[in-house]
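**Student:** sequence first, then the predicted structure:
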Amino acid sequence: MPSRAGQTTAPSTPRSLAGDYIADPAHGPLPVLLLLLTVTTGIIDAVSILSLGRVFVANMTGNIVFIGFALAHAPGFSLVASLVALAGFLVGAGIGGLAVGRFGRHRGLLLRNVVAAQLVLLLAAALTLAIAGPAFGPAVGDVAVALAGTALGMQNAAVRRIAVPDLTTTVLTLTLTGIAADLRNHKPRVVLRRVLSVLAMLLGALGGALLVRNVSVPAALFSASALLALVTLGAGWASRHDAHWQPAER
């Protein structure tokens, strides 16, 4: 039908639920790629909490709390590991900020390049632990924490710029709040996206914990690396041609 400018616009077509994640009108394939990153975050935090000194490398709110516990000499918490994770995260966020400055106008390229760098860091962490063997010491664990923390800091900086609603990939507090607080708004697609984000983190944490307990710590990190490789390839493939979802909002 004719628009106000005298041009014709294509009639709107019903959107499928799958289309919301693969070909979202505003975000293209970014939602499904960010859901995969959320699964990865769950795996990495499962590794860091269960095997690297009871420390978060993705959720700095929890990590700050753990630093408080360690300062109070609560058993089982490593002050060094928590500080290393915090330092790595801040360094990664700074590097991610540089990437945003260079690639931020194209969300697909930003995601591809940052996740590719994450992949290198996480593979380095996995190889470090694999070479050290199952009885690796605190120093080796701290190296892995630093590498993983840097990777997750980069991820947070990039995802903040990409700005897909309800898909932060690392923090679920506001997502869970939105699920409960916005039920009265009757927006099932919004609720579904939030629920899927929660389930993705849960799936990653479950899978990571099972791999750590039944296989090995490096195996869990290698599985997370495989997901990062998939996201890198997906973002690169989706960025081959110009598309409406690629530019970031100013």
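**Tutor:** Thanks, I have it.
**Student:** pretty sure residue 195 sits against residue 179.
**Tutor:** Yes. Between residue 195 and residue 179 there is a contact at 6.5 Å, judged by Cβ atoms under 8 Å. All C-beta atoms are positioned from the backbone trio N, CA, C, and that covers glycine.
**Student:** higher neighbour count, the two?
**Tutor:** Counted by other Cβ atoms under 10 Å, residue 195 and residue 179 do not tie: residue 179 has more neighbours, with 19 against 15.
**Student:** and the more buried one, how far from residue 197?
**Tutor:** 9 Å (Cβ to Cβ, to the nearest Å).
**Student:** residues shared between the contacts of those two?
**Tutor:** Shared contacts of residue 179 and residue 197, defined by Cβ atoms under 8 Å, 6 or more residues apart in numbering, are absent.
**Student:** which parts of stretch 154-165 are buried?
**Tutor:** Neighbour-count burial for stretch 154-165 flags 154, 155, 156, 157, 158, 159, 161, 162, 164 (criterion: 16 or more other Cβ atoms under 10 Å).
**Student:** helix, strand, or coil at residue 56?
**Tutor:** Judged by DSSP: H, G, I helix; E, B strand; the rest coil, the three-state class of residue 56 is coil.
**Student:** let me know the pLDDT of it.
**Tutor:** Looking at residue 56, its pLDDT is 94.
**Student:** enumerate every residue touching it.
**Tutor:** Shown in contact with residue 56 (Cβ under 8 Å, 6+ apart): 45, 48, 49, 62, 63, 66, 85.
**Student:** neighbour-wise, which of those residues leads?
**Tutor:** Ranked by neighbours (other Cβ under 10 Å), the contacts of residue 56 are led by residue 85, which has 31 neighbours.
**Student:** check that one and give its pLDDT.
**Tutor:** Looking at residue 85, its pLDDT is 97.
**Student:** please pull out the lowest mean pLDDT helix or strand from this protein.
**Tutor:** helix 19-22 (a mean of 68; mean pLDDT, DSSP states H and E).
**Student:** could you point out which element follows that one?
**Tutor:** Sequence order places helix 30-51 as the next helix or strand after helix 19-22, per DSSP states H and E.
**Student:** avg pLDDT for that following helix?
**Tutor:** For helix 30-51, mean pLDDT is 96.
**Student:** following that helix, which helix or strand shows up next?
**Tutor:** helix 60-71.
**Student:** tabulate the CA atom coordinates of that next one in PDB.
**Tutor:** The C-alpha trace of helix 60-71 is given here as PDB (Å, rounded to 0.1, in the frame of the first residue of the first chain):
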ATOM      1  CA  MET A  60      31.500  -9.200  38.400                       C
ATOM      2  CA  THR A  61      28.700  -8.500  40.900                       C
ATOM      3  CA  GLY A  62      29.100 -12.000  42.300                       C
ATOM      4  CA  ASN A  63      32.900 -11.700  42.100                       C
ATOM      5  CA  ILE A  64      32.900  -8.500  44.200                       C
ATOM      6  CA  VAL A  65      30.800 -10.400  46.800                       C
ATOM      7  CA  PHE A  66      33.300 -13.200  46.700                       C
ATOM      8  CA  ILE A  67      36.100 -10.700  47.300                       C
ATOM      9  CA  GLY A  68      34.300  -9.600  50.400                       C
ATOM     10  CA  PHE A  69      34.000 -13.200  51.600                       C
ATOM     11  CA  ALA A  70      37.700 -13.700  51.000                       C
ATOM     12  CA  LEU A  71      38.600 -10.600  52.900                       C
END
